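S.K.: Fold the stuff below for me.
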Amino acid sequence: MILDPVELLDILGNENRRRILQLLSFRPFYFNEMAKRLDVGPKAIIDHLLMLERAGLVECYQDQGRRKYFRIARKTVIEVAVSPNSYGVRAYRSEDVPKAEGTELNQDIKLLRDELLTLEEERLKLRAILDKIESREMEIKHKACSAARSCTQNPLESEILTALLSGDADASQLSVRLEIPEVVIEDRLKKLQGRGAVHLLDQKWSIT
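M.R.: Numbering: from 1, shown residues only. Alright, predicted model coming up:
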């Protein structure tokens, strides 16, 4: 699929579509669940999801109960380069490799081109390392999410524990990240604390 970087920028210019992608980066959701979490009408959520799906940013699947879930399709990279003398935007999948075009160039420009290609190769090597790290990170998060579900009483408690995997946080920070009222977060944290799952130190919550 050929990605239109300008179209992707337009799509991501909508705050609700960005919020949907942020939510889906946490775990798959079904549309009605997203509507409640984001406080956006179900029809609007469906319209946003269809646009994101057409752009190849999200995809849907059905669980055994035939409920349709949405998730991030795959890693997409959008790069914007701005300088006093140039402006450029490009977008590609993580598995795609931007290719340089061969043209009749004078020797000086060929040397510069070769240097740019070398830098691009280094960039791709670094990206491959990052992809490997992200893959391992996702594997660990998946295992951690399963472990969190086994020791919590509801999905919200599981999400709170999973969020704390990234580091200690106070109730306000967790509220912003999970887009849930702070009073609800505090209530769940106290219940988790009562069961010995988390503890509070210097106004920061962490996993016990």
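
S.K.: From here on, just use CA atoms for contacts and neighbour counts.
M.R.: Noted.

S.K.: Spatially central residue for the chain, please.
M.R.: Ser25 (3.4 Å; CA atoms, centre = their mean).

S.K.: okay, now the closest residue to it other than its chain neighbours: neighbour count?
M.R.: Excluding the flanking residues, the one nearest Ser25 by CA to CA, 6 or more residues apart in numbering is Ile72, at 6.6 Å. Neighbour count for Ile72, taken as other CA atoms under 10 Å: 22.

S.K.: Next, Ile72: phi, psi?
M.R.: phi -60, psi 130 (degrees, to the nearest 10).

S.K.: Ile78 now?
M.R.: The phi/psi pair for Ile78 (degrees, to the nearest 10) is phi -120, psi 120.

S.K.: do Glu59 as well
M.R.: According to degrees, to the nearest 10, Glu59 has phi -140, psi 160.

S.K.: who does it bridge with?
M.R.: Arg71 (DSSP bridges).

S.K.: I figured it was touching Met51, is that so?
M.R.: No: if you go by CA atoms under 8 Å, Glu59 and Met51 don't touch, sitting 10.8 Å apart.

S.K.: Between those two, tell me which one has more neighbours.
M.R.: Taking neighbours as other CA under 10 Å, Glu59 and Met51 compare with Glu59 leading, 18 against 15.

S.K.: what is the mean pLDDT for stretch 10-26?
M.R.: Throughout stretch 10-26, pLDDT has a mean value of 90.

S.K.: quick one: the helices in this protein?
M.R.: Secondary structure of the chain by DSSP state H: the helices cover 5-12, 15-24, 31-38, 42-54, 107-150, 155-164, 171-178, 182-194.

S.K.: Would you format the ones you listed as TSV with distance to Trp205 included?
M.R.: Formatted as TSV, those follow (distance: least, CA to CA, whole Å):
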stretch	distance to Trp205
helix 5-12	33
helix 15-24	22
helix 31-38	23
helix 42-54	33
helix 107-150	15
helix 155-164	8
helix 171-178	8
helix 182-194	8
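
S.K.: List the buried residues in the helix or strand of the chain with the lowest mean pLDDT.
M.R.: Confidence across the helices and strands of the chain bottoms out at strand 86-93, with a mean of 74, counting by mean pLDDT, DSSP states H and E. Buried residues in strand 86-93, counted by 16 or more other CA atoms under 10 Å: 91-93.
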